[in-house]
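Asker: Structure here, sequence nowhere to be found:
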């Protein structure tokens, strides 16, 4: 089965993409104007100037006036959850504090209570609808965390649903065990840490349910030392580390990530020169979640300082019912440009190659290169890349193809 | 022709809606759970509990699990423009100032130069695509300003296109003459004010092209005195006033609006206690444009203070290629809740009845009431109103009906 996409106005991210794009290099997105892209059996076969396009293909798409990009990769989601929490959104608007919402049964524990009552099939059904919705906004691969179970059985349930989503929705998924997301009621923090290490990690590892392990390293949640202890236990059980770091305070999350050779440190609203220096001496991928910062009214991570220090940046949605009820990465790109002063090209690296690196998908995703998956965004007619984040909130995606299969087509049945 | 929409989970904004909803009253959106709505010949005929629904109708829609709202009304747009300006967006990200962008040929004068080269048909074609796009996000009636012409002929061209859009797109449109949007090159400000008053206003009035007159009252643009002079000339020619007020500085725009009995004062990022007091003693509709404030990195208008002072608020998109390249009112609702701390109900009044009042459509739009146009949003399955702005960036519209005609149906396109 071959597909020819021809007359592409501009084809972006054409490089092998085997390592992160860092610092100044993020400003440049290698591209080819007036290009063709040839797909064979779901993989990118080759590309080049439109006048050199192959004459025959089983399917020919004319991309007239459209840009083609690799799909976005969402490296931080909590997309498996039992229910939205819009009632807490209204409480927050009315000035109720996060702490008071938590005390009245809200927050992560609210989701945990509901998750316990939700069957695996129901959870799967809810989450698969959300996956289709994010695909329509350009996401073509994603990471999914547990962390609303907070008991052995419920954490396993969430991770099983996450694995099943990847298979049933035919989309690449990496799973992350986040038992240390909050401390459930009726147990001390120390005892819960013992349970995460002594019971949950072995159970998750026995079923091979998680690729990664994550901890919410934050004041009032898990300290730097507790985080390191949990992450190291996960690493010993075969899961690499990722960390919720420095969202609400300078929590030591960055240090925990570097110490455990984490693949990524996520949030980073509260980092200073020191943390930037530590990150620059490591292989940890700094990951910004501008949707959560926007939704909670926090300041944004210091993206420009990080880029000036030579760091790479990833952007992810943090899709979850409490602090970022959206998985629209096209909008996150806009927020990164508007609020973090990233250029459109820097944002594109942060949504494609850099998250591919932090999810260890560099051989199959993150750029347009022969042998990689033909997982693509075909945009609406657009003159240049900057139009996509600039035209904010107006989903610039016309078509999403995963492994050569059309998974969303805005124009399929236009009246 | 009759249409029955039945099993509506909750029908919102059921009141006659002949006056603005102000202050504390904005917190409550009168609604009916498990309702029917009956439409006859494009108008709302009646509504009530689902069990009382009429037995016969030409068309029956089952709204199962969905909410029904009156369409959004966008009371401030510049949707007729010749080209997007994403290249200036990138300049701004790189730190080039608005003034320097203007000096290098950017800003409003950039649009004016391109508009002069653009035919009426081309302008119409571009703008009608944008109208369909905003309808898909819930807009069902809109105001359109001139102001990229800056010459008699080009201002008339813009207004003709705006009028034609209303007819050809079958959507209610009010037009506003905004000759005083900027001063074109090669003429002094004083001479341009003379031209606006002496040539443009009479020409616009002669062809009945504008319902309203507007001025950009701002430091570096038009002073309070110049604004009043221009607005009063427009009023004498039969156009009511609207004002671009207090966006970048405390410019006297609010005072100009009150003095000229304007229908609305728009922007209001830079108002203090004094302006709130003046507005409270007037009939001027305070209109927030959170998309522009977000895109430009300005602080938001003090919505809570205005509501506490008993004022009504409208929200509009300010859709334009420079400072708010989006007409997504669903997202503006989210921004109003997240950034201005308006509750979902306050936001709904600000998107429906209040702009209907400022555009003098209170007898036909802005609420669900017998005799009003059957112009409706049918949402995605949602448990409560707050879900719509909470699920930010993920267009919660399933269907938009204007005058009883389906104009957008997300599920018609489903594969």
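Answerer: Noted; the coordinates are in hand. For clarity, every value in this text was computed on a predicted model and none was experimentally measured.
Asker: CA only for contacts and neighbour counts going forward, please
Answerer: Noted.
Asker: Would you mind listing the outside residues contacting stretch A:170-186?
Answerer: For stretch A:170-186, the surrounding residues in contact (CA atoms under 8 Å, 6 or more residues apart in numbering or on different chains) are A:108-109, A:140-151, A:155, A:159, A:162-163, A:165-166, A:189, A:192-193, A:196, A:200, A:204, A:209-216, A:221-222, A:359, A:402.
Asker: next one: that stretch to chain centre, how far?
Answerer: 14 Å (CA atoms, centre = their mean, to the nearest Å).
Asker: Which of the contacts of stretch A:170-186 fall within strands?
Answerer: Those of these mapping onto strands are A:140, A:141, A:142, A:143, A:144, A:145, A:212, A:213, A:214, A:215, A:216, A:402, per DSSP state E.
Asker: if we can go back for a sec, please indicate which of the contacts of stretch A:170-186 are buried?
Answerer: Buried members of those, scored by 16 or more other CA atoms under 10 Å in any protein chain shown, are A:108-109, A:140-151, A:155, A:159, A:162-163, A:165-166, A:189, A:192-193, A:196, A:200, A:204, A:209-216, A:221-222, A:359, A:402.
Asker: Could you give the number of residues near residue A:259?
Answerer: 14 (other CA atoms under 10 Å in any protein chain shown).
Asker: just the one 5 residues further on next, same as before
Answerer: Using other CA under 10 Å, the number of residues around residue A:264 comes to 30.
Asker: mind listing what it touches?
Answerer: Neighbours of residue A:264 in contact, by CA under 8 Å, 6+ apart: A:241, A:242, A:243, A:257, A:284, A:285, A:286, A:287, A:358.
Asker: Please tell me how far the closest residue to it other than its chain neighbours sits from residue A:237.
Answerer: Among residues not flanking residue A:264 along the chain, residue A:285 sits closest, at 4.3 Å (CA to CA, 6 or more residues apart in numbering or on different chains). Separation of residue A:285 from residue A:237 (CA to CA, to the nearest Å) stands at 22 Å.
Asker: what would the ones in strands among the contacts of stretch A:170-186 look like in TSV with distance to residue B:53 and pLDDT?
Answerer: Converted to TSV, these look like this (distance: CA to CA, whole Å; pLDDT from 0 to 100):
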residue	distance to residue B:53	pLDDT
A:140	44	98
A:141	46	98
A:142	45	98
A:143	47	98
A:144	45	98
A:145	46	98
A:212	54	98
A:213	54	98
A:214	53	98
A:215	53	98
A:216	52	97
A:402	45	98
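Asker: Out of those, which two are the most distant from each other?
Answerer: The most widely separated members of the ones in strands among the contacts of stretch A:170-186 are A:216 and A:402, with 31.9 Å between them, by CA to CA.
Asker: Write out the residues of chain A neighbouring chain B.
Answerer: Contacts of chain A with chain B, taken as CA under 8 Å from any CA of the partner chain, map to A:84, A:86-87, A:89-90, A:93-94, A:294-297, A:325-328, A:331, A:337-339, A:341-344, A:386-387, A:390-394, A:410-414.
Asker: Mind doing that once more with 7 Å?
Answerer: Within reach of chain B by CA under 7 Å from any CA of the partner chain, chain A has these residues: A:86, A:89-90, A:93, A:295, A:325-326, A:328, A:331, A:337-338, A:341-343, A:386-387, A:390-394, A:412-414.
Asker: Buried ones among these?
Answerer: For the residues of chain A next to chain B, a burial check counting by 16+ other CA under 10 Å picks out A:86, A:89-90, A:93, A:295, A:325-326, A:328, A:331, A:337-338, A:341-343, A:386-387, A:390-394.
Asker: I'd like to know how many residues surround residue A:57.
Answerer: So residue A:57, with other CA under 10 Å, has 15 neighbours.
Asker: For it, give me its contacts.
Answerer: Counting by CA atoms under 7 Å, 6 or more residues apart in numbering or on different chains, residue A:57 makes contact with A:2, A:3, A:4.
Asker: buried sites along stretch A:259-267?
Answerer: Under 16+ other CA under 10 Å, the buried positions of stretch A:259-267 are A:260, A:261, A:262, A:263, A:264, A:265, A:266, A:267.
Asker: Can I get the residues you listed in a markdown table including distance to residue A:351, secondary structure and pLDDT?
Answerer: Formatted as a markdown table, the buried residues of stretch A:259-267 follow (distance: CA to CA, whole Å; DSSP: H, G, I helix; E, B strand; the rest coil; pLDDT from 0 to 100):
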| residue | distance to residue A:351 | secondary structure | pLDDT |
| --- | --- | --- | --- |
| A:260 | 24 | coil | 98 |
| A:261 | 22 | coil | 98 |
| A:262 | 19 | coil | 98 |
| A:263 | 16 | coil | 98 |
| A:264 | 14 | strand | 98 |
| A:265 | 15 | strand | 98 |
| A:266 | 14 | strand | 98 |
| A:267 | 15 | strand | 98 |
